[in-house]
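Participant: Generate a structure from the sequence data that follows.
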Amino acid sequence: MCGRYALTHKPDEVLGILGVADFEDDFPPRFNIAPTQPVLVVGQADRQPGSNLPDRRATLARWGLIPGWVKDMRDFPLLINARSETAIDKASFRAAMRHRRILVPASGFYEWKRPPKESGMSSQAYWIRPKSGGVIAFAGLMETYASADGSEVDTAVIMTTKANRAIRGIHDRMPVVIRPDDFERWLECKTQEPRQVADLLKPAEDDFFEAIPVSDLVNKVSNMGPDVQKPVAVAELEDKPPKPGKDTSQMSLF
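Facilitator: This is a model prediction of the structure:
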C-alpha cells in the first residue's frame, strides 16, 4: 500500500517533469504527506486549438477518493489506495479508471515492515526513493464529490501493485510508478480505455528504488520536517524493548 509519501522537489522541477505549463499556487516541500490532506495531482486538460503539445492541468485534491454516488462521505470508508489489478471491476473506481486518470507527483514514499506480533518489536519505517533521485509520478484516479449542500471537492486515490523484489521484504504492495514516456497514454482517457493502459500498472524495476530505514517520527502527522527522512541504524531500533502495556506490533497511519 502507500499510506504516506513526500514531495520535496522545487515547484518548477515538479511542474516541468509533469509537463504542466503553469500553476497559480506555489507549494512548499512536504516531507510527510498523509491521507485526507490536499495533494498535488496532474490531469489531462482540453488541448488548445492548433497546439500539438499536451495540455495538462495541476490542481489540489483531497487524498481519499469519494465516488460521486456516495450520499454521505461521513459514512464512507477512507479510500487512499486502489488495487490496480481490480480497480476497473470496483464500483468505487470504475468510472475514474475510464474517465479521470491522473498523475500524483512524489519524491518517494514511506512503508513499514511489521514484525511478527510475538517478536515484541516495533514496526520499522522506511523512506523509499528512486536511486537516481528526481521526481516520480504515481498512477492515480480522481473524482469530484458534490455534497448535499452543493459544495464540491476534488478527491484522489493512489494506485498500487504487487511489490517488486527489492520492496517485497518490507511490504507486499507498492505504488504504481508511471514513467515520463507513458504520461500521455495514461492521462489520455478519451482514446485510451483501461484495458489499453493495463500494461502500465506494473511494479517498478527491482533496481529503481532504494529503501532507507528511518525513525518513527514519520508515524505522526504533526512531524512535517526533513528529520522524518533522517537515516537510522535498524539494529538500534530493534534493540529497544517495547513499552509496557502497549502493543507495538501495529502502527496507526493516522
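Participant: Please, where are all the strands along this structure?
Facilitator: Listed in chain order, the strands of the chain (DSSP state E) span 4-7, 30-33, 38-44, 56-63, 81-83, 101-106, 108-113, 124-130, 136-146, 152-162, 173-175, 209-214.
Participant: hey, which of the ones you listed is tucked in deepest?
Facilitator: strand 101-106 (a mean of 26; mean count of other Cβ atoms under 10 Å). C-beta coordinates here come from the backbone N, C-alpha and C atoms, glycine included.
Participant: Quick check: which of the strands of the chain is nearest to Trp69?
Facilitator: Closest to Trp69 of these is strand 136-146 (Cβ to Cβ; 9.7 Å).
Participant: what's that closest one packed up against?
Facilitator: strand 38-44, helix 94-99, strand 101-106, strand 152-162 (3 or more Cβ pairs under 8 Å, 6 or more residues apart in numbering; DSSP states H and E).
Participant: Okay, angle between the last one and strand 38-44 too, please.
Facilitator: Strand 152-162 and strand 38-44 meet at an angle of 80 degrees, taking axes from the mean of the first three to the mean of the last three Cα atoms, to 10 degrees as the criterion.
Participant: what's the average pLDDT for strand 152-162?
Facilitator: Averaged across strand 152-162, the pLDDT comes to 97.
Participant: Quick check: which of the strands of the chain is nearest to Gly225?
Facilitator: From the strands of the chain, taking Cβ to Cβ, the stretch that ends up closest is strand 30-33, at 6.1 Å.
Participant: who's in contact with the residue nearest the centre of the chain?
Facilitator: By Cα atoms, centre = their mean, the chain has its centre lying nearest to Ile158, at 4.5 Å. Going by Cβ atoms under 8 Å, 6 or more residues apart in numbering, Ile158 touches Cys2, Tyr5, Trp63, Ile80, Asn81, Ala82, Val104, Phe138, Ala139, Gly140, Pro175, Val176.
Participant: swap the cut-off to 10 Å and go again
Facilitator: 1-3, 5, 35, 39, 41, 63, 65, 79-82, 102, 104, 106, 109, 138-141, 175-176 (Cβ atoms under 10 Å, 6 or more residues apart in numbering).
Participant: What of Asp72?
Facilitator: Counting by Cβ under 10 Å, 6+ apart, Asp72 touches Ser147, Ala148.
Participant: how far away is it from Ala148?
Facilitator: Using Cβ to Cβ, to the nearest Å, we find Asp72 at a distance of 8 Å from Ala148.
Participant: possible to save the helices and strands packed on strand 136-146 as TSV with distance to Ile88?
Facilitator: Output for the helices and strands packed on strand 136-146, formatted as TSV (distance: least, Cβ to Cβ, whole Å):
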stretch	distance to Ile88
strand 38-44	18
helix 94-99	5
strand 101-106	11
strand 152-162	11
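Participant: Ok, which of those comes nearest Arg114?
Facilitator: Taking the helices and strands packed on strand 136-146 one by one with Cβ to Cβ, strand 152-162 is closest: 16.7 Å.
Participant: Neighbouring strands of the closest one in the sheet, and parallel or not?
Facilitator: strand 56-63 (parallel), strand 81-83 (parallel), strand 136-146 (antiparallel), strand 173-175 (antiparallel) (DSSP bridges).
Participant: just the angle between it and strand 101-106, please?
Facilitator: Using the same axes, to 10 degrees: strand 152-162 against strand 101-106 is 80 degrees.
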